[in-house]
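Asks: Here is a sequence with its predicted model. Questions after.
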Amino acid sequence: MIAKREEKKIRTRFAPSPTGHLHIGTVRTALFPYLFAKKNKGAFILRIEDTDLERSKKEWEDELLKGLRWLNISWDEGPGPEGPYAPYRQSERASVYRKHLEKMLEEGKAYYCFCPKEEIEAEKQYLMSIGESPVYQGKCRDLPKETVKKYLEEGRPSVIRFRTPDNQKIAFNDLIRGKIEVDTSTLGDFVIAKDLDSGLFNLTCAVDDVEMGITHVIRGEDHIPNTPKQMLLIQAMGFEAPEYAHLPLILGTDKKKLSKRTGKTSLIDYIEDGYLPEAMVNFVAFLGWNPGTEKEIYSMEELINDFSIEKIQKSAAVFNIDKLDWMNGYYIRKTPLYELTQMCVPYLVKAGFIKEISLEKYSVVETGEGIHIEDIEKMVALYQERLKKLSEITELLDLFFKKELDYPKELLKWKEMGDEDIVISLKKSSEIISSIEKFNKENLEKELLEEAEKSGNRGNLLWPLRVAVSGKKSSAGPMEIAAVLGKEKTLKRIEEAINKLK
RNA sequence: GGCCCCAUCGUCUAACGGUUAGGACAUCAGAUUUUCAAUCUGGUAAUCAGGGUUCGAUUCCCUGUGGGGUCACCA
């Protein structure tokens, strides 16, 4: 274990408990200490706080690690002999906590408590009712040693409490909020372990932060009340407390702590929706931090470069999905087409539009025809700048995979056109398209635009054509779609549109 | 209820005590366009309230109000 350090190299940690989905707020409590460590050429430690055996599950830990990898946040060391590092797990460190517990018990800094739960609960209710801090009143504080021994031998249910010093002010300088001070009388003798081998959060966290040589504890605001407790423990164990920085919370649009009711809370949902890791990192970083300039698009590397704890916001921030969408769209537009296509394909497969045949070959489910990745690339190209998240690709591209389009004939109508006008317009398009020898976007544009100009209103020709080939109120341009569709299919769709009007 | 934290446009935020209170997203116009996007131009929009301190408060102090966190044999 790293007990003493020769040089004060910066060491931060991310200490999640694997008791649920990787929450978006948790993502930020991982990101900030990571950025801070990397900025200062320090180490970033991952420590799984799984002392609650009931609630901790391997699957949650797996999701956690997967999420971190997706975000491109890597940690620097682990308990194993070599990388890739397994994270530290508190469930594997019981002996470390036991060592400290025994010592504190011996020195009288901690003591056994045999009070029944119900009694404690009643006491708490009473204290709250008379407007006082609901803290343990210290009934077992000074039990004679023999009594404790006897009770223990009898096997009476017990816990281990910390002997909090009376009426002492404990203060620390929060790197984000400045001085925070509390009176120990509002803390009470809190429970630090169920038994010698089952340390509880405040104890295990305090022990590990010093044992692992953490210099800067950067965590959520919800831990502010725990900080004095942990500092007291660290003091009692004879160590020096690290620096603390408490991040503001992330709120939902209802200004309450981000919860499932107000939006998606787990990273996994955002991954599935098709948000890119770059957008997610950029967005989350700017929730409560800014570089002090007007630059807003930041890569991880740039974030590391410009990160500073002083620029972290004090107040909670509302998770604004609109801005995330905008940012994600920006990153999608910047993604090379080939890569973007690779990212979109799984969504098309999942939607049941296409099936993978071999590495770059697919088959269209409805028609059975073969399709190459390059064909898909052409489709994706038409919609790259409209995409806000990858999952939207399915409703945008479905027109290319359907045998027949399903739309109301009214959609074919542009402005004041009557059914007959539309038929005439479509027949004209059909005629022109049939006559094109070399069927490509350029030639389509050349011929069709020329014709469209004639009427003085391009919509007369182009709108019905666009709806005929896309079946949609809004889509990419008719010539672009036709070029991808091919001559035969384009003509067939125009024919079908005309039939609708008959 | 006790303790602790916070407070600038709808949202994210900028402003060593002196700015026409700036930017971004969203929104609304306009340009472009067959549509929807994208892009460009422009507009609307904020210092929670009341007291101090000061020549001068968004900024410092106090009080109030509002919001949040936390008070587990969870983390």
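Replies: Ah, there it is.

Asks: so what's A:Lys256 scoring on pLDDT?
Replies: In this model, A:Lys256 is scored at 81, pLDDT.

Asks: That one - how many residues pack around it?
Replies: 13 (other CB atoms under 10 Å). C-beta: built from backbone N, CA, C; applies to glycine.

Asks: Quick check: phi and psi at the nearest residue to it once chain neighbours are set aside.
Replies: Nearest non-adjacent residue to A:Lys256, counting by CB to CB, 6 or more residues apart in numbering: A:Thr262, 7.0 Å away. The phi/psi pair for A:Thr262 (degrees, to the nearest 10) reads phi -100, psi 0.

Asks: Now A:Asn173: closest residue in space, sequence neighbours ignored.
Replies: A:Lys179 (5.6 Å).

Asks: So the residue nearest to A:Lys256 sits against A:Lys255, correct?
Replies: No - the criterion here is CB atoms under 8 Å, and A:Thr262 misses it with A:Lys255 at 9.1 Å.

Asks: The two: which is more packed in?
Replies: The neighbour comparison of A:Thr262 against A:Lys255 (other CB under 10 Å) goes to A:Thr262, with 17 against 9.

Asks: roughly how far apart are that one and A:Met231?
Replies: According to CB to CB, to the nearest Å, A:Thr262 and A:Met231 sit 34 Å apart.

Asks: Next: A:Ala381.
Replies: 58 Å.

Asks: if you count what's nearby, which of those two comes out ahead?
Replies: A:Met231 (19 against 15).

Asks: Isn't the more buried one up against A:Ala171?
Replies: No - contact criterion CB under 8 Å: A:Met231 and A:Ala171 do not qualify, at 9.2 Å.

Asks: Quick one: residues contacting the nearest residue to A:Asp50 once chain neighbours are set aside.
Replies: Nearest non-adjacent residue to A:Asp50, counting by CB to CB, 6+ apart: A:Ser56, 3.8 Å away. Contacts for A:Ser56 (CB atoms under 8 Å, 6 or more residues apart in numbering) come out as A:17-19, A:48, A:50, A:91.

Asks: switch to 10 Å and redo it
Replies: For A:Ser56, the contact set (CB atoms under 10 Å, 6 or more residues apart in numbering) comprises A:17-19, A:48-50, A:89-91.

Asks: so which of those residues are also by RNA strand B?
Replies: Of the residues in the contacts of A:Ser56, proximity to RNA strand B by CB under 7 Å from any atom of the strand holds for A:17, A:19, A:49.

Asks: Of the contacts of A:Ser56, keep whichever come out buried.
Replies: Buried members of the contacts of A:Ser56, scored by 16 or more other CB atoms under 10 Å, are A:17-18, A:48-50, A:89-90.

Asks: Can you tell me which of those is closest to A:Ile271?
Replies: Within the buried ones among the contacts of A:Ser56, the smallest distance to A:Ile271 is 17.7 Å, found for A:Pro18 (CB to CB).

Asks: which stretches of the stretch 151-300 of chain A aren't confidently modelled?
Replies: For the stretch 151-300 of chain A, no stretch is flagged by pLDDT under 70.

Asks: so which residue of it comes closest to RNA strand B?
Replies: A:Phe201 (3.2 Å; CB to the nearest atom of the strand).

Asks: doesn't A:Arg55 make contact with that residue?
Replies: No - using CB atoms under 10 Å as the test, A:Phe201 is too far from A:Arg55 to be in contact (11.8 Å).

Asks: A:Gln168 - how many residues pack around it?
Replies: By the measure other CB under 10 Å, the count of residues near A:Gln168 is 13.

Asks: could you list every residue that touches it?
Replies: A:182-185, A:187, A:228, A:232.

Asks: change it to 7 Å
Replies: A:Thr184 (CB atoms under 7 Å, 6 or more residues apart in numbering).

Asks: and the residue lying closest to A:Ser429 once chain neighbours are set aside, what helix or strand is that in?
Replies: Closest residue to A:Ser429 apart from its sequence neighbours, by CB to CB, 6+ apart: A:Leu465 at 4.6 Å. Element membership for A:Leu465 (DSSP states H and E) is helix A:459-470.

Asks: what about the strands in the stretch 101-250 of chain A?
Replies: Counting by DSSP state E, counting those that start in this stretch, the stretch 101-250 of chain A has strands at residues A:110-113, A:159-162, A:169-174, A:178-183, A:191-195, A:198-199, A:216-220, A:243-247, A:250-251.

Asks: May I see the buried residues of the fifth one?
Replies: Pointing back at strand A:191-195 there. Within strand A:191-195, the residues scored as buried using 16+ other CB under 10 Å are A:191-193.

Asks: Keep the residues you listed, but drop any that are not near RNA strand B.
Replies: Near RNA strand B, by the rule CB under 7 Å from any atom of the strand, you find A:Val191 out of the buried residues of strand A:191-195.

Asks: Rebuild the buried residues of strand A:191-195 as TSV, extending it with distance to A:Leu337.
Replies: Shown next, in TSV, are the buried residues of strand A:191-195 (distance: CB to CB, whole Å):
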residue	distance to A:Leu337
A:Val191	58
A:Ile192	57
A:Ala193	57
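
Asks: Distance from stretch A:450-469 to the middle of the chain?
Replies: 45 Å (CA atoms, centre = their mean, to the nearest Å).

Asks: for it, how far is the first residue from the last?
Replies: Stretch A:450-469 has an end-to-end distance of 19 Å (CA to CA, to the nearest Å).

Asks: That stretch close to RNA strand B?
Replies: Yes - using CB under 7 Å from any atom of the strand, stretch A:450-469 comes into contact with RNA strand B via A:452, A:458-459, A:462-463, A:466.

Asks: so can I have a markdown table of these showing pLDDT and neighbour count?
Replies: A markdown table is the format used below for these (pLDDT from 0 to 100; neighbours: other CB atoms under 10 Å):
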| residue | pLDDT | neighbour count |
| --- | --- | --- |
| A:Ala452 | 92 | 23 |
| A:Arg458 | 92 | 15 |
| A:Gly459 | 93 | 14 |
| A:Leu462 | 96 | 20 |
| A:Trp463 | 96 | 21 |
| A:Arg466 | 97 | 26 |
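
Asks: Could you tell me which residues make contact with the residue nearest to A:Lys256?
Replies: A:252-254.

Asks: How about A:Ser475?
Replies: So A:Ser475 contacts A:466, A:481 (CB under 7 Å, 6+ apart).

Asks: Could you give me the buried positions within stretch A:233-242?
Replies: A:233-234, A:236-237, A:239, A:241-242.

Asks: for RNA strand B, what are the nearby residues on the stretch 401-502 of chain A?
Replies: A:414, A:452, A:458-459, A:462-463, A:466, A:473-479.

Asks: mind redoing it with 6 Å?
Replies: Within reach of RNA strand B by CB under 6 Å from any atom of the strand, the stretch 401-502 of chain A has these residues: A:458-459, A:462-463, A:466, A:473-478.

Asks: Check the stretch 51-200 of chain A too.
Replies: Going by CB under 6 Å from any atom of the strand, the residues of the stretch 51-200 of chain A near RNA strand B are A:51-52, A:55, A:116-117, A:120, A:124, A:128, A:131-135, A:157, A:159, A:177, A:180, A:182, A:186, A:191, A:194, A:200.

Asks: Return the members of these classed as buried.
Replies: A:51, A:120, A:124, A:134-135, A:159, A:177, A:180, A:182, A:191, A:200.

Asks: which one among these gets closest to A:Glu106?
Replies: For those, the nearest to A:Glu106 is A:Val159 (17.4 Å; CB to CB).
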